[in-house]
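# Structure, please.
(chains A and B)
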Amino acid sequence: MDPRTVATFANAAGIAIPDDHLQGVTDTLVTTMDMAARVMEAGSTLPEAANAPLFDAWAGEKR
Amino acid sequence: MNATATATATATVKAIRAGETSASAVINATLARIAADNARLGAFTDITNDRASKRAATIDAMLAAGRDPGPLAGVPFAVKNLFDVAGLTTRAGSRINRELPPATRDAVLIERLESAGAILVGALNMGEYAYDFTGENPHDGPSRNPHDPSRMAGGSSGGSGSAVAGGLVPLALGSDTNGSIRVPASFCGIYGLKPTYGRLPRTGSFPFVDSLDHVGPMARSVADLALSYDAMQGYDPDDPFCADRPAQPVSELFRQGADGLRIATLGGWFRRGAGTQALAALDTCARALGVTRTITLHGAERAREAAFVITNVEGAALHLSAIRNRIGDFGPAIQDRLMSGALVPAAAYVMAQRLRRAFRAEVAAHFTEIDVFLAPATPMTAPLLGAETMELDGKTVPLKPNIGLFTQPLSFIGLPVVAVPVPGGDMPIGVQVIAAAGREDLALRVAHTLAETGAAAVFHNPEAK
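Have a look, this model is predicted:
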């Protein structure tokens, strides 16, 4: 991942990454996206119903 | 460490009720220990001397008048500094929050513990905004491990672990999003309870990841976990995540022990990265309970990754304004994580939440034939402060993201877990005792049996002060 691309993308989101953090943010994002890619692949095999409830793993069913 | 410093909450209540000591004497001794040892441990950030002394006098007056102050009469306790304490700013381990006005009301769990007779003595150090497994705080200094102050207490409830293990208080509150009660319990050699998601109200605590945040007690005995947990149970409509369910008291149940319970160890993901002492501790517990069965949760690795994604995204969303406007005011360890978390695709977050439900279903199916699982709490004992890497399956990997390998999949689906300390090495390590949602009683029963057999015991380092 090109750090300049990360900086451009972040700027669009209103985040100005300090120059001395650009490589660190890029490395962290690569690590996260590596996991996120596997999560997305696994999640895409699940039914839509698995979306709900988003926030409440146990309590929501009791209400 | 003197005898009063190692007294449990249960023993303290008994002594006060028997007239062997008073709440005021207990609080005076507690405040003296904090004054003497806190500089060495870095556990407390705020000490509520006057409040504690006044409260102790009230408890003593109630007892003298024949009134019952409650099941925690005179027990000193402290809270991670993300809990609101009236009159104190809720710093949540951050520099930014210090600009906030002092809280005007105590967190609900503090109110409930004090209603049961306990006495708040202060607020405790923690990892910044709870985004931490080490207990190293860039603004307040590190929480130190009482058994070797050159080592981490664990995080993010590092001050809670250090204060309880170091004999400053018998009881502390922590929070656990990905392992922040269980990791310091493991590193410091004490007991910790992460209840079922939504079981204890978070009202008046500063959030980290709404989907995953839990709050719970850390203590030096299973009985103290049960006693404090019962005092804190109950629905609170001011916490939208709190389950509207009746309290299920455990104090009368946990002594039933593990007889008749079906127990298995977790294999696969939960053994792969574990070091020698972590595996030895797990085997010690399995032997003590006569456990021979091992279950593999196939979705565990993906669950941990999904928890990682949810944490990054929700953590960044919570702090988005500060990320945009004052990123330099966060500590260096979390700046990159917060900025990158704001850039993760929304689809990844939605899929991560989907996996949560799927993994829950996988684990729920096992609970039809198993009552309690055992797994390591941490891959290793407490690392040295400042360590950046660890060994995992023969590879050198970054330390901070990997301390919670075994805790993250379980908090991801909100299961109740008791972390128990298992003796056996120069430094402590813990084992997780895991039950189905709402069955804290079963996890506490097994933890109690492990303590009764000696497989679990609070760690004592004869070299420590």
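# Against residue B:104, how distant is residue B:240?
Taking C-beta to C-beta, to the nearest Å as the measure, residue B:240 falls 21 Å from residue B:104. The C-beta positions use only the backbone N, C-alpha and C, and glycine is treated the same way.
# for residue B:383, that is, sorry about that
From residue B:383 across to residue B:104, the span is 39 Å (C-beta to C-beta).
# Show me which of these two is the more surrounded one.
Just comparing residue B:383 and residue B:104: by other C-beta atoms under 10 Å in any protein chain shown the higher neighbour count belongs to residue B:383, 20 against 8.
# Quick one: the helices in chain A, in order.
Assigned by DSSP state H, the helices in chain A fall at A:3-12, A:22-43.
# and the ones you listed as JSON lines, adding mean pLDDT and distance to residue B:234?
Compiled in JSON lines, the helices of chain A are given as follows (pLDDT from 0 to 100; distance: least, C-beta to C-beta, whole Å):
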{"stretch": "helix A:3-12", "mean pLDDT": "96", "distance to residue B:234": "44"}
{"stretch": "helix A:22-43", "mean pLDDT": "96", "distance to residue B:234": "35"}
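# In JSON lines: those, plus mean neighbour count and distance to chain B.
Listed next are the helices of chain A as JSON lines, based on neighbours: other C-beta atoms under 10 Å in any protein chain shown; distance: least, C-beta to the nearest C-beta, whole Å:
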{"stretch": "helix A:3-12", "mean neighbour count": "14", "distance to chain B": "6"}
{"stretch": "helix A:22-43", "mean neighbour count": "19", "distance to chain B": "3"}
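# Turn those helices into a markdown table, columns for distance to residue B:322.
Output for the helices of chain A, formatted as a markdown table (distance: least, C-beta to C-beta, whole Å):
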| stretch | distance to residue B:322 |
| --- | --- |
| helix A:3-12 | 15 |
| helix A:22-43 | 16 |
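# tell me the phi and psi of the residue nearest in space to the middle of chain B?
For chain B, the residue nearest the mean C-alpha position is residue B:181 (2.0 Å; C-alpha atoms, centre = their mean). Note on residue B:181: its backbone torsions stand at phi -100, psi -40 [degrees, to the nearest 10].
# and it, what is it in contact with?
Contact partners of residue B:181, counting by C-beta atoms under 8 Å, 6 or more residues apart in numbering or on different chains, are B:157, B:160, B:174-175, B:192-194, B:214, B:216, B:218, B:419.
# So which of those reach chain A?
Among the contacts of residue B:181, no residue is within reach of chain A (C-beta under 8 Å from any C-beta of the partner chain).
# Return the member of those residues nearest to chain A.
Ranked by distance to chain A (C-beta to the nearest C-beta), the contacts of residue B:181 are led by residue B:214 at 10.8 Å.
# what's around residue B:320, how many residues?
For residue B:320, the neighbour count with other C-beta under 10 Å is 16.
# show me the contacts for residue B:7.
Going by C-beta under 8 Å, 6+ apart, residue B:7 touches B:15, B:170.
# same question, the one 10 residues further on
With contact set as C-beta under 8 Å, 6+ apart, residue B:17 has these partners: B:63, B:73.
# Check the gap between it and residue B:76 for me.
16 Å.
# Tell me which residue in chain B sits closest to chain A.
Taking C-beta to the nearest C-beta, chain B has residue B:351 as its residue nearest chain A, at 2.7 Å.
# before we move on, the earlier item: do you know the pLDDT at the residue nearest to the centre of chain B?
pLDDT for residue B:181: 98.
# Equivalent analysis for the one 3 residues further on, please.
The per-residue pLDDT reported for residue B:184 equals 98.
# Which secondary structure state does it sit in?
helix (DSSP: H, G, I helix; E, B strand; the rest coil).
# Let's verify the residue nearest to it when sequence neighbours are not counted: helix, strand, or coil?
Once flanking residues are discounted, residue B:184 sits nearest to residue B:161: 3.0 Å by C-beta to C-beta, 6 or more residues apart in numbering or on different chains. Three-state assignment for residue B:161 (three-state DSSP): helix.
# Number of residues surrounding residue B:161?
37.
# Give me the local confidence score for it.
Looking at residue B:161, its pLDDT stands at 98.
# and what of residue B:239?
93.
# before we move on, the earlier item: residue B:268 versus the residue nearest to the centre of chain B, what's the distance?
The gap separating residue B:181 from residue B:268 is 24 Å, by C-beta to C-beta.
# can you list contacts of the one helix or strand residue B:149 maps to?
Assigned by DSSP states H and E, residue B:149 belongs to strand B:148-152. Contacts to strand B:148-152, defined as C-beta under 8 Å, 6+ apart, come from residues B:40-41, B:134-136, B:142-145, B:158, B:187, B:382-385, B:387, B:427, B:461, B:464.
# what comes up buried for that strand?
Residues B:148-149, B:151-152 are the ones in strand B:148-152 that count as buried (16 or more other C-beta atoms under 10 Å in any protein chain shown).
# Please give the element, helix or strand, for residue B:37.
helix B:23-41.
# which one is residue B:125 nearest to, not counting chain neighbours?
residue B:159 (3.3 Å).
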